[in-house]
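In: Got a sequence here, can you build the structure:
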Amino acid sequence: MWNDQNFSIQSVFKGNFSVSIQVGSNNGASWWLSAIYGPAKRKNRPLFWEELENLKSICFPTWILGGDFNVIRWKEETSTKNPASLSMKRFNTFISNCNLIDPPLTNAKFTWSNLRAQATLSRLDRFLFSTQWENIFPGHTSKVLTRTTSDHFPIVLESSSISWGPSPFRFTNAYLKDPDYKRNIEFWWGNTSQPGFAGYSFMHRLKQLAMKIKAWGREKKGKDEASKKAWIKEIDLINKLEAEGTSTEIHREKRIALKADLSQITLTEAQIWAQKCKRIWVHEGDENSSFFHKICTARQKKCLISKIINICGQNCLNDSDIVDAFIQHFEEIYTDNRNSHLFIDNLDWCPISNTNSGLLDKPFNEAEIWLTLKSFAKNKAPGPDGFTMDFLQKSWSFMKQNICDIFKDFHSNHTINKVVNETLITFIAKKENCETVADFRPISLTTAIYKLIAKVLADRLKQTLPDTISESQMAFVKGRQITEAILIANEALDLWRNKKERGFVIKLDIEKAFDKLNWRFIDFMLMKKNYSQKWRKMIASCISSVQYSILINGRPRGRIKPSRGIRQGDPLSPFIFVLAMDYLSRLLNNLADKGKINGVNFGPNLNLTHILFADDILIFVEDKDDYVSNLKMILHLFESASGLNINLSKSTIFPINVPADRANSIADSWGISKGHLPTSYLGMPLGGKPSSSNFWDNVLQKIQKKLSSWKYSQLSKGRRITLINSTLESLPIYQLSVFKVPKGIAQKIEAYWRNFLWNGTSNGHNISSSDGTKLSPQKRKEASVFTLSIAQILPSSVNGFGNSYLKKILYGNA
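Out: Numbers count the residues shown, from 1 in each chain. This is a model prediction of the structure:
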């Protein structure tokens, strides 16, 4: 051992494919380390799996494995087209059965190469460890090191405590049920004061209140921990008296009371961890705090940013350089450097009525504000003020006058105080092994009161959209669904293919869609849509008075004042964005009406040129030079007006019945890559065959990955049912809502459900078909959804689509 003062070898076990040692540490902890070298030949793998299972009986539960397993888990872990699916399944079954954690590599995707001209790459090397081992060595990261002579990259697992810095105030929803909190909160609020405008005063009073709550919470935590230790000690003493036969009825009654008190503290702790890990499906009384703690720990490690490459290509490793890299990136994004924007005026705008415009301008009332406040989820992450929407809901009785005063000021003056509109930018990784700031998706966390203001405005605005937004936009408009966009796209492809017509389907990618939207363009669209000047001023105030801070590793940093863009996470943003995207629809429709572009003809009065789902753009254009050229011109006009950039390098053109030379020529002239069908559109297959098993591989893999990420040993059967209802059901249902599933695939999905429910595993070998009878009648009824799809339902429910675009395409204009 490299450090025999801290560690010692207690036992050694050698196998054909592994060497395992039992390690003891000076603090009394003991754990097993297994070095693995898996067989390269498939015929030897049954012996390998058997040896790993034997190791489990020796080394579990405090166990870490590492080495060359010579097998992958998922298709994306290799560059080969047809990996060994049976070996993948066996490997995933082993990991699932042992409840092992598979940490992602932070700086690479593959660990092995065959070093040939057309290299085959795979992730054959990895670490796996149990949750018990993780408890001893938390805060781990796995990465590859420099390769010299070997065809494998060496990998290293580093474990260290994560430093999050000073923690900003975050309100704990569990306090809302505490009797002492309930007795004090209104008194605390009454003792805060701040002169000034309603919004400014409210925010500064909240800061004063936060200090009082934080001090009270710190004191409460200390008392609870002391009480918990004392009660456990007293319960142990009563248990010993019971074992000795000397306990009395008084002792037994005392133990019941102590357990009730202890249960209340345990429940509060579980609710705190559930809030931290953002589990919105947690039931009242759920005490599974260890499960929530693991989720929260995993979330923190996933969100930890330990290095980044800045805009100059430099590798930033220390805290200040990482912060500077993020601030520079977002200062550039949120700064509008364009001197002019060209707006096309003479289009068919389909404006809202004067009546609807007037309804938007009416004063806000208490009932409307309260109804909106009640609609918010309770456990969403708070913004810079630290207060949740659950806090505002429970505090409505003594805060409503202050809140209504803010709305009254806003309606009169059309301005939002900057402190109300302060915003934190937090990040979600778009992929594993993020290297640059662009690899993260920014999410805005606003103050609770701004979120309420924006939601009230959004609820009003969305009522006007069905009358003014083009039928081709399927997102954020009442009565329109994402599945309609997918069905229309597949219908269009089938029509072109069946009629042997030549055309192009173009998937366009918009770069930083929300972040670069021009504010003057937003106001131009609102004006053309007949929204009043009062409404336009209120919207302008919401989007322009914002100030950003960057949330890096749990701490707010910097200050950014934008001159363009709208926020991901702002309730208003989706509806503002579809209004902006309607400009593109109006341009394309105008071109089609003049015969200067042609798409897919579903009838004499229905020429499909495009489908939009927010910023997902799918364009259909007949293969003619003039049409293709005119389309390119329209896209330039859209960019010039909106401030958005269409990223052709990330866009794709799909030729339909077009000769290869012609397709290559068009793709080269656009600077766009040529794709092949089937492809993915809105998370579903486009142009594929639903009867093929390969069509459903993505669904099956999503379920397996989700199951492998959960810690089954910490979940009771009731918790597994909750996860099935909240998460597992939604994974296949999306694709099932459009395409008919083959019977064999449906049976596989049901097997995953049953095995997870009864065994806590995702493999399909431990449950007999008779176990299905244990499912409740309701669950068995729900399982029957796998034999249905919207494609089967459509003919009998056509009237349910009203006058929708989908109905027109499927059944004509009549």
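In: per-residue pLDDT, the residue in the chain sticking out farthest from the centre?
Out: Within the chain, residue 246 marks the point farthest from the mean C-alpha position, 56.8 Å out by CA atoms, centre = their mean. Per-residue confidence (pLDDT) for residue 246: 89.
In: List phi and psi for residue 64.
Out: Per-residue torsions, residue 64: phi -130, psi 140 (degrees, to the nearest 10).
In: Relative to residue 131, how far out is it?
Out: Residue 64 sits 11 Å away from residue 131, going by CB to CB, to the nearest Å. Just so you know, the C-beta spots here come from the backbone N, C-alpha and C atoms, and that holds for glycine as well.
In: more neighbours, those two?
Out: residue 64 (24 against 17; other CB atoms under 10 Å).
In: what's the burial count for residue 312?
Out: Residue 312: 8 surrounding residues under other CB under 10 Å.
In: One more: residue 755?
Out: The tally of other residues near residue 755 (other CB under 10 Å) stands at 20.
In: which SS state does the residue farthest from the centre of the chain fall under?
Out: coil (DSSP: H, G, I helix; E, B strand; the rest coil).
In: With residue 143 instead?
Out: When classified by three-state DSSP, residue 143 comes out as strand.
In: which residues touch it?
Out: Applying CB atoms under 8 Å, 6 or more residues apart in numbering, one finds that residue 143 lies in contact with 105-108, 155-156, 158.
In: so can I have a markdown table of those showing neighbour count?
Out: Output for the contacts of residue 143, formatted as a markdown table (neighbours: other CB atoms under 10 Å):
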| residue | neighbour count |
| --- | --- |
| 105 | 20 |
| 106 | 17 |
| 107 | 14 |
| 108 | 17 |
| 155 | 19 |
| 156 | 11 |
| 158 | 12 |
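In: Pull the most distant pair out of the residues you listed.
Out: Distances among the contacts of residue 143 were taken as CB to CB; the most separated pair is 108 and 158, at 14.7 Å.
In: Sticking with the residue nearest to residue 180 when sequence neighbours are not counted, tell me its helix or strand.
Out: In space, and not counting its chain neighbours, residue 180 is closest to residue 220: 7.3 Å by CB to CB, 6 or more residues apart in numbering. Taking DSSP states H and E as the definition, residue 220 sits inside helix 198-244.
In: what's the following helix or strand after that helix?
Out: The helix or strand immediately downstream of helix 198-244 is helix 249-276, counting by DSSP H and E.
In: Could you pull out the buried residues of that following helix?
Out: 251, 254-255, 258, 262, 267-276 (16 or more other CB atoms under 10 Å).
In: May I see the buried residues of stretch 663-675?
Out: Residues 663, 666-667, 670, 672, 674-675 are the ones in stretch 663-675 that count as buried (16+ other CB under 10 Å).
In: Mind picking the one among those residues that's closest to residue 31?
Out: When the buried residues of stretch 663-675 are ranked by distance to residue 31 (CB to CB), residue 675 comes first, at 48.9 Å.
In: Just list the residues touching the closest one, thanks.
Out: Counting by CB under 8 Å, 6+ apart, residue 675 touches 507, 652-654.
In: Among these, which ones are in strands?
Out: 507, 652-654 (DSSP state E).
In: Which parts of the stretch 501-650 of the chain are helices?
Out: Secondary structure of the stretch 501-650 of the chain (DSSP state H, counting those that start in this stretch): helices located at 519-528, 533-544, 573-593, 625-642.
In: TSV please, covering the ones you listed and showing distance to residue 126 and mean pLDDT.
Out: Below are the helices of the stretch 501-650 of the chain laid out as TSV (distance: least, CB to CB, whole Å; pLDDT from 0 to 100):
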stretch	distance to residue 126	mean pLDDT
helix 519-528	48	97
helix 533-544	45	97
helix 573-593	39	97
helix 625-642	44	96
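In: which residues does residue 141 bridge with?
Out: Per DSSP bridges, the residues bridged to residue 141 are residue 158.
In: any idea how far residue 107 is from it?
Out: Counting by CB to CB, the gap from residue 141 to residue 107 is 9 Å.
In: cool, and residue 77?
Out: On the measure of CB to CB, residue 77 and residue 107 end up 15 Å apart.
In: same question, residue 36
Out: Look at residue 36 and residue 107: by CB to CB, they are 22 Å apart.
In: repeat for residue 504
Out: Note on residue 504: its distance to residue 107, by CB to CB, is 38 Å.
In: Same question for residue 419.
Out: Between residue 419 and residue 107 the computed distance is 40 Å (CB to CB).
In: Over to residue 9?
Out: Distance from residue 9 to residue 107, by CB to CB: 31 Å.
In: What would stretch 638-658 look like as PDB? C-alpha coordinates only.
Out: The C-alpha coordinates for stretch 638-658 follow below in PDB (Å, rounded to 0.1, in the frame of the first residue of the first chain):
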ATOM      1  CA  PHE A 638     -35.800  36.700 -40.400                       C
ATOM      2  CA  GLU A 639     -32.300  36.900 -38.900                       C
ATOM      3  CA  SER A 640     -32.000  40.600 -39.700                       C
ATOM      4  CA  ALA A 641     -35.300  41.500 -38.000                       C
ATOM      5  CA  SER A 642     -35.200  39.200 -34.900                       C
ATOM      6  CA  GLY A 643     -31.600  39.300 -34.000                       C
ATOM      7  CA  LEU A 644     -31.500  35.500 -34.000                       C
ATOM      8  CA  ASN A 645     -28.900  33.500 -35.900                       C
ATOM      9  CA  ILE A 646     -29.700  30.300 -37.800                       C
ATOM     10  CA  ASN A 647     -26.700  28.000 -37.300                       C
ATOM     11  CA  LEU A 648     -26.400  26.200 -40.600                       C
ATOM     12  CA  SER A 649     -23.400  24.100 -39.300                       C
ATOM     13  CA  LYS A 650     -25.800  22.400 -36.900                       C
ATOM     14  CA  SER A 651     -28.700  22.300 -39.300                       C
ATOM     15  CA  THR A 652     -29.500  19.400 -41.600                       C
ATOM     16  CA  ILE A 653     -31.100  19.000 -45.100                       C
ATOM     17  CA  PHE A 654     -32.800  15.700 -46.000                       C
ATOM     18  CA  PRO A 655     -33.400  15.100 -49.700                       C
ATOM     19  CA  ILE A 656     -36.600  13.200 -50.700                       C
ATOM     20  CA  ASN A 657     -36.500  11.500 -54.100                       C
ATOM     21  CA  VAL A 658     -33.700  13.800 -55.000                       C
END
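In: Low-confidence ranges, the stretch 201-350 of the chain, go.
Out: Applying pLDDT under 70 to the stretch 201-350 of the chain flags the ranges 273, 276-303.
In: For the stretch 251-400 of the chain, which segments are assigned as helices?
Out: Using DSSP H, counting those that start in this stretch, helices in the stretch 251-400 of the chain cover 289-303, 319-333, 354-360, 366-374, 389-394, 396-413.
In: Packing partners of the longest one?
Out: Here helix 396-413 touches helix 179-190, helix 198-244, helix 366-374, helix 448-462, helix 533-544, going by 3 or more CB pairs under 8 Å, 6 or more residues apart in numbering; DSSP states H and E.
In: Likewise for the second one?
Out: With contacts defined as 3+ CB pairs under 8 Å, 6+ apart, the packing partners of helix 319-333 are strand 308-309, strand 315-316, strand 547-552, strand 555-560.
In: let's see 7 Å
Out: With contacts taken as 3 or more CB pairs under 7 Å, 6 or more residues apart in numbering; DSSP states H and E, helix 319-333 sits against strand 547-552, strand 555-560.
In: Of those strands, which stretch is the most buried?
Out: Comparing the helices and strands packed on helix 319-333 by mean neighbour count (mean count of other CB atoms under 10 Å), strand 547-552 ranks first with a mean of 21.
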